[in-house]
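# Build me a structure from this.
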Amino acid sequence: MTSADADAGVETVGEDELKKPLEIDVKVDVVSTCERHVVVTIPAGEVVRYRQESFDEVAPKAELPGFRAGKAPRKLVESRFKDQVDEQVKSSLVMDSLQQVTEGDYFSAISEPDFDYEAVELPSEGDFRYEFRIEVRPDFDTPKWEGLKLTRPVCELTQQHVDQHLSRTLTRFMPGEPVDGEAMLGDMLTLNAKFSIDGKQLASMEEEVIPLRKKLSFGDAVIENFGELVTGKKEGDEFECKIQISDSAANEELRGKEIDGKFEIQEIRRIEVDEISAGMLESLGFDDTEELREFVKAELGKQFEYHQQQALRKQIVNELTKNADWDLPESLVRRQTNRELQRMRLELQRSGFNQEQINSYLNASRINARNSTVQALREHFVLEKIAEELEIEASADDYDREVELIAEQSDSSPRRVRARLEKSGQMDALRNQIIERLVIQRITEVGQVADEDDSSFFKGESDTADIDLALAGDFDDIPEAKYNEGSSPVPETAKLPEKEKQD
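Now for the predicted structure:
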């Protein structure tokens, strides 16, 4: 158990003058590595002061029958507005004390306080006490990060690399020719499918376009023999298969269970790129072949840069988190799982990856969602602490740059991308992405970095097609905050007489 008495807190600015700091006593119990139970006690004298200040504001504007505004006897005003003032006092005391606790040195909060505000009672006399639980960053010593020995993968982009990527790029934009005969590996399929267990439908998809490959991956399952199932099938054919849900699926009841998949092949198309015609270039928005190749080379360069940064990051975080064996609450892991997936999606988008590639990375993380999230949280706690010590924070220019890169890849305007990120609550994920990258850059700059030839990134075509769909149900699109953005765990206070407008 840890205990602290706060004789002074964070000063808050009133309308006309600085408000006197609130005296509070704070007792913090360590529930687990990332959980604290907090009891806040506010002395009776402070409760009286807050009541007095509230009535001082109400009395000059109070309108009661038989009296002009502000002329009613004080005791009558106190009797008439007692309930409203008590509610306002309770709200103000909780909000002011919470601010002092969360901004103090007791812990580094990573969630909002969890408590039932309605169950908190303001006493008619005596001390005011309430308690809550809160998730916090673990306490740990900052690991040594200067001078790490690092290996940076390097590789010269060759014409062969560009040619391979050009071929894959063209298949993304070319419609291909309909196939009347049997499907073969590499063809583009348009599929309808339904997924069920014991006759109950879990998920479905319509007109999903994918390349026919050996495997088919979802967010929580992989059909290992998909190529064998489909090769030789024709347009209009149907087929069924059993699909095992992963042990990290969002729906705990379905983890490890076998479900039924029923597919219908709507269309088969085959893409053969023999030469790039003028018409094809025009349809893709390029003036000539050289411009197209430069675009492909630039996209491939951004992707390799991501590969390079991830290789450095992996070495760095493996070293920095080797002693980070903290137990993390399941509630925290579950809530953060999709937030981590969203952060990864943004990182991949800004690094020039197409949707199929993004699905591949995301599905690989979903299949092992819990372990991936636990490791990501440990990495974030360490990198965030280093960022605080180095006073690293995301600037407006950093946000603009990220939004522009995402917009460029998604073929949308920066304004629309920013609006979408803000509306969906992903700006926090973007902020974490920026902070972590800046910290990794700083560590790399002072590290002992040796370049090493590595062309593993330029491997051949993947043997897996990826679909952005979780068959057993996905984690929440964005983990909802316990309270709306910009709000607090304290609801609005009772309506009192409005303050006079200042000239």
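# quick one, domains of this structure?
Split into domains by automatic domain parsing, the chain comes to 2-135, 155-169+275-466, 176-270.
# To residue 145, which of those lies closest?
Smallest distance to residue 145 across the domains of the chain (CB to CB): 5.1 Å, for domain 155-169+275-466. Glycine gets a C-beta too; all of them are placed from N, C-alpha and C.
# Let me see the ranges of the strands in the chain.
2-6, 24-32, 35-42, 128-135, 149-154, 177-178, 188-197, 200-211, 215-217, 222-223, 238-244, 258-270, 448-453, 464-466 (DSSP state E).
# ok, now how distant is the residue of the chain positioned farthest from its centre from residue 72?
Most distant residue from the mean C-alpha position of the chain: residue 66, 58.0 Å away (CA atoms, centre = their mean). Distance of residue 66 to residue 72, given as CB to CB, to the nearest Å: 8 Å.
# cool, residue 374 as well?
Taking CB to CB, one finds residue 374 at 61 Å from residue 72.
# same deal with residue 364?
70 Å.
# ok, now residue 53?
From residue 53 over to residue 72 (counting by CB to CB), the distance is 18 Å.
# How about residue 241?
79 Å.
# more neighbours, the two?
Set residue 241 next to residue 72 and count neighbours by other CB atoms under 10 Å: residue 72 wins out with 18 against 14.
# pretty sure the more buried one contacts residue 65?
No. With contact defined as CB atoms under 8 Å, residue 72 and residue 65 do not form a contacting pair (9.1 Å).
# Now stretch 22-29: average pLDDT?
Average pLDDT, stretch 22-29: 94.
# again, but for stretch 454-474
Mean predicted confidence for stretch 454-474 is 87.
# Number the chain from 43, please
Yes, from this point I'll number from 43; that puts the last item at stretch 496-516.
# what's the span of that stretch, first residue to last?
36 Å (CA to CA, to the nearest Å).
# Pull out the buried positions in that stretch.
496, 499-500, 504, 506-514, 516 (16 or more other CB atoms under 10 Å).
# try stretch 221-231
221, 225, 229-231.
# I'd like these written out as CSV, with distance to residue 340 and pLDDT added.
Shown next, in CSV, are the buried residues of stretch 221-231 (distance: CB to CB, whole Å; pLDDT from 0 to 100):
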residue, distance to residue 340, pLDDT
221, 33, 93
225, 34, 96
229, 29, 92
230, 26, 92
231, 30, 95
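# Return the closest of the residues you listed with respect to residue 350.
Nearest member of the buried residues of stretch 221-231 to residue 350, counting by CB to CB, is residue 230, at 31.4 Å.
# how close does the closest residue to the closest one other than its chain neighbours get to residue 472?
Take residue 230 and drop its neighbours on the chain: the residue closest to it by CB to CB, 6 or more residues apart in numbering is residue 311, 4.5 Å away. From residue 311 across to residue 472, the span is 37 Å (CB to CB).
# the more surrounded of these two?
residue 472 (23 against 17).
# how close does that one get to residue 284?
Taken as CB to CB, the span from residue 472 to residue 284 is 40 Å.
# Same question for residue 433.
55 Å.
# if you count what's nearby, which of those two comes out ahead?
Here residue 433 and residue 284 are compared on neighbour count by other CB under 10 Å; more neighbours surround residue 284, at 9 against 6.
# Name the residues linked to the more buried one by a beta bridge.
residue 302 (DSSP bridges).
# residues contacting it?
300-303 (CB atoms under 8 Å, 6 or more residues apart in numbering).
# Which PyMOL command selects the buried ones in these?
The following PyMOL line selects those of the contacts of residue 284 that are buried, judged by 16+ other CB under 10 Å:
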select buried, resi 301+302+303
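# which residue packs closest to residue 434, ignoring adjacent ones?
Here the residue nearest residue 434, using CB to CB, 6+ apart, is residue 480, at 5.1 Å.
# Touching, the one you found and residue 428? I think so.
No. Residue 480 lies out of contact with residue 428 (CB under 8 Å); the separation is 10.0 Å.
# shared neighbours of these two, anything?
With CB under 8 Å, 6+ apart as the test, residue 480 and residue 428 both reach residue 434.
# Check the spacing between residue 206 and residue 285 real quick.
Where residue 285 is concerned, residue 206 sits at a distance of 31 Å (CB to CB).
# cool, and residue 357?
36 Å.
# Which pLDDT value belongs to the residue nearest the centre of the chain?
With distances taken as CA atoms, centre = their mean, the residue of the chain nearest its centroid is residue 381 (2.4 Å). With respect to pLDDT, residue 381 has a value of 84.
# just residue 522 next, same as before
42.
# What is the burial count for residue 192?
18.
# Ignore what I typed, I meant residue 263.
24.
# quick one: it and residue 383, what's the gap?
16 Å.
# likewise residue 325?
34 Å.
# again, but for residue 431
28 Å.
# and these two? which has more neighbours close in?
residue 383 (24 against 11).
# what sits against that one?
404, 407-408, 411, 517.
# ok, residue 128 touching residue 165?
No. Checked against CB under 8 Å, the pair residue 128 and residue 165 is beyond contact range at 9.8 Å.
# Would you mind telling me which of the two has more residues around it?
More crowded of residue 128 and residue 165, by other CB under 10 Å: residue 128, with 20 against 11.
# Nearest residue to that one in space, please, no chain neighbours.
residue 164 (5.4 Å).
# how about that neighbour, what does it touch?
89, 128, 131-132, 135, 170.
# Of those residues, keep whichever come out buried.
Using 16+ other CB under 10 Å, the buried members of the contacts of residue 164 are 89, 128, 131-132, 135, 170.
# Put together a markdown table for those residues, with pLDDT and distance to residue 65 on each row.
Formatted as a markdown table, these follow (pLDDT from 0 to 100; distance: CB to CB, whole Å):
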| residue | pLDDT | distance to residue 65 |
| --- | --- | --- |
| 89 | 94 | 11 |
| 128 | 88 | 20 |
| 131 | 89 | 15 |
| 132 | 93 | 17 |
| 135 | 94 | 11 |
| 170 | 96 | 11 |
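# out of these, which one sits closest to residue 236?
residue 132 (53.0 Å).
# And that closest one, how close does it get to residue 162?
Relative to residue 162, and taking CB to CB, residue 132 is found at 7 Å.
# now swap in residue 382 and tell me
Residue 382 is 33 Å from residue 162, by CB to CB.
# just to revisit the earlier point, of residue 206 and residue 285, who's got more company?
residue 285 (21 against 17).
# That one contacts residue 303, doesn't it?
Yes. Contact criterion CB under 8 Å: residue 285 and residue 303 qualify, at 4.9 Å.
# Give the residues shared as contacts by the two.
237, 265, 513.
# give the contact list for the second one.
Contacts for residue 265 were tallied using CB under 8 Å, 6+ apart; they are 257-259, 271, 283, 285, 303.
# and if we set it to 6 Å?
With contacts defined as CB atoms under 6 Å, 6 or more residues apart in numbering, residue 265 is in contact with 258, 285.
# how many neighbours does residue 175 have?
14.
# Identify the residues contacting it.
Contacts of residue 175 by CB under 6 Å, 6+ apart are 79, 156.
# try 8 Å
73, 77-80, 155-157.
# One more: residue 257?
Per CB under 8 Å, 6+ apart, neighbours of residue 257: 264-269, 505-507.
# What of residue 304?
235-238, 280-282.
# Just give me the closest of the contacts of residue 383 to residue 377.
After measuring the contacts of residue 383 against residue 377 - CB to CB - the closest member comes out as residue 517, at 8.7 Å.
# Can you report how many residues neighbour the nearest residue to that closest one once chain neighbours are set aside?
Spatial nearest neighbour of residue 517, chain neighbours left out: residue 380 (3.9 Å); criterion: CB to CB, 6+ apart. If you count neighbours by other CB under 10 Å, residue 380 ends up with 21.
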